[in-house]
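Novice: I need the structure of the sequence given here:
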Amino acid sequence: MLFTHMVERQEADRLAAILKASSDPSRRSILTLLAQEGPLRITDIAARYDISLNSVSKHIKVLEAAGLVTRRTEWREHLIEIQMEPLSLVDQWFNELRSIWALRLDALEAALKEDDND
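Specialist: Predicted coordinates:
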């Protein structure tokens, strides 16, 4: 039971990190850019925005810490690549929310039908 709780806590912490990292519009835009164009150098990413290279680098570090991007080095170039796998955790969470609401709506519908029959 302790192991299950630890795993759930780790997933909750990971989900929180992903949501926090993706809460910033600039970081979401960077993720979208990487999803559309594939791996890019930080300088190529920075060229698309009206913010400094240093700011883009900080955004990339936050995304890296959340596991949403990885950095690989080819010669002297640092290429940033999106990682889609962590987003499955967000999708799983949304699916759980949808199922909760579906159950609540089903219960409401049943209660309304019961009320109509009375």
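Novice: nearest spatial neighbour of L79, chain-adjacent residues omitted?
Specialist: Using C-beta to C-beta, 6 or more residues apart in numbering and skipping the chain neighbours, the partner closest in space to L79 is P39 (4.2 Å). For glycine as for every other residue, the C-beta is placed from the backbone atoms N, C-alpha and C.
Novice: I figured the one you found hits H78, correct?
Specialist: No - if you go by C-beta atoms under 8 Å, P39 and H78 don't touch, sitting 9.9 Å apart.
Novice: spit out the residues that contact these two alike.
Specialist: The contact sets of P39 and H78 overlap at R72 (C-beta atoms under 8 Å, 6 or more residues apart in numbering).
Novice: what about the residue nearest to L79, neighbour count?
Specialist: Neighbour count of P39, defined by other C-beta atoms under 10 Å: 17.
Novice: report pLDDT for it.
Specialist: Note on P39: pLDDT of 96.
Novice: quick one, what contacts it?
Specialist: R72, L79, I80, E81.
Novice: before we move on, what about L79?
Specialist: Taking C-beta under 8 Å, 6+ apart as the criterion, L79 is in contact with P39, L40, R41, R71, R72, T73.
Novice: separation between the second one and I82?
Specialist: As defined by C-beta to C-beta, to the nearest Å, L40 lies at a distance of 10 Å from I82.
Novice: now swap in the last one and tell me
Specialist: If you measure T73 against I82 using C-beta to C-beta, the figure is 17 Å.
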